[in-house]
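**Student:** what would the 3D arrangement of this be:
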Amino acid sequence: MKRPGPLLTLLAGLLLGLFLLTLNATTGTRNTASTYKERSPVPTPAGSVASPATTPTPSRTQIADASYAGRTDDDSSSVAVSIRGGRAIAYFCDGHRKEAWLKGDVGDDGSMRLTGKQGAELNGRLQEGRRIRGTVNLDGGYYAFTADKAVKPSGLYRATATVRGAKIDGGWIVLSGGRQVGILSRDGKAGAAPRIDPATGAVTVDGERLTARPVTP
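**Tutor:** The predicted structure follows:
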């Protein structure tokens, strides 16, 4: 059998070399693409952008605990208000027979609407934490008042007890300077209250010693 000539052998070698060159070029392209892909940054998933910070909800304004005491504009009666934890209790008293206990909430702005028995109502507003300016509606009467911040022993006091079989209920407003206005009821019958000792709250009713205590809501 006749062997292939040198020309055929050379041609076969050229084809083999061309094939290997093409294969190597293709492999190199894939490696480059793979390397580029591995080094590329990972895309940020949709919706992963942080939302803007929200503004904190303002906290409720804290109304300071305090007591207030003063007189009506016509100087006929006294008014005292005690505030604790955003609640208020008030006492209106003319020192003879007319009185009312009222209670309710104090708003963030210092406003208050306090209510009591038989339609009694106090509407007022705390002014800079120094005084309360408002009105009291009672038994068809309308009383404007100013109550300044009280410094002990000024403030609002009350005593309840049973003395000689009678139910005793006394309320006192101690004003700055030591002036006292109060009403003491015996079984619902009202009259002027005896003086208390503001330092101790001691008071004598029908021969029996009682203690009037500061009033808080």
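**Student:** what stretches of this structure score poorly on pLDDT?
**Tutor:** 1-61 (pLDDT under 70).
**Student:** show me the helices in it, by range?
**Tutor:** Along the chain, counting by DSSP state H, helices occupy 6-39.
**Student:** show me what counts as buried in stretch 109-129.
**Tutor:** Using 16 or more other CB atoms under 10 Å as the burial criterion, the residues of stretch 109-129 that qualify are 110, 112, 114, 116, 120, 122, 124, 126. Heads up, the C-betas are built off the backbone N, CA and C, glycines and all.
**Student:** no no, stretch 87-105
**Tutor:** Neighbour-count burial for stretch 87-105 [16+ other CB under 10 Å]: 87-95, 98-104.
**Student:** closest to residue 181 out of those?
**Tutor:** residue 95 (4.4 Å; CB to CB).
**Student:** need the phi and psi values for that closest one.
**Tutor:** Backbone torsions of residue 95, given as degrees, to the nearest 10, read phi 80, psi 0.
**Student:** who touches it in this structure?
**Tutor:** Applying CB atoms under 8 Å, 6 or more residues apart in numbering, we find residue 95 in contact with 77, 78, 181, 182, 183, 192, 193.
**Student:** make it 7 Å
**Tutor:** For residue 95, the contact set (CB atoms under 7 Å, 6 or more residues apart in numbering) comprises 181, 182, 183, 192.
**Student:** return a PyMOL selection command for the buried portion of those.
**Tutor:** The buried residues among these can be selected in PyMOL (16+ other CB under 10 Å) with this line:
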select buried, resi 181+182+183
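**Student:** in CSV, list the contacts of residue 95 along with distance to residue 173.
**Tutor:** Output for these, formatted as CSV (distance: CB to CB, whole Å):
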residue, distance to residue 173
181, 5
182, 7
183, 10
192, 13
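**Student:** closest one of the contacts of residue 95 to residue 157?
**Tutor:** Of the contacts of residue 95, the one sitting nearest to residue 157 (CB to CB) turns out to be residue 182, at 7.9 Å.
**Student:** my guess is that closest one meets residue 94, correct?
**Tutor:** No: between residue 182 and residue 94 there is no contact under CB atoms under 7 Å: 10.3 Å.
**Student:** with adjacent residues omitted, what lies nearest to residue 164?
**Tutor:** residue 206 (5.7 Å; CB to CB, 6 or more residues apart in numbering).
**Student:** correct me if wrong: the one you found contacts residue 165.
**Tutor:** No: under the criterion of CB under 7 Å, residue 206 makes no contact with residue 165, lying 10.3 Å away.
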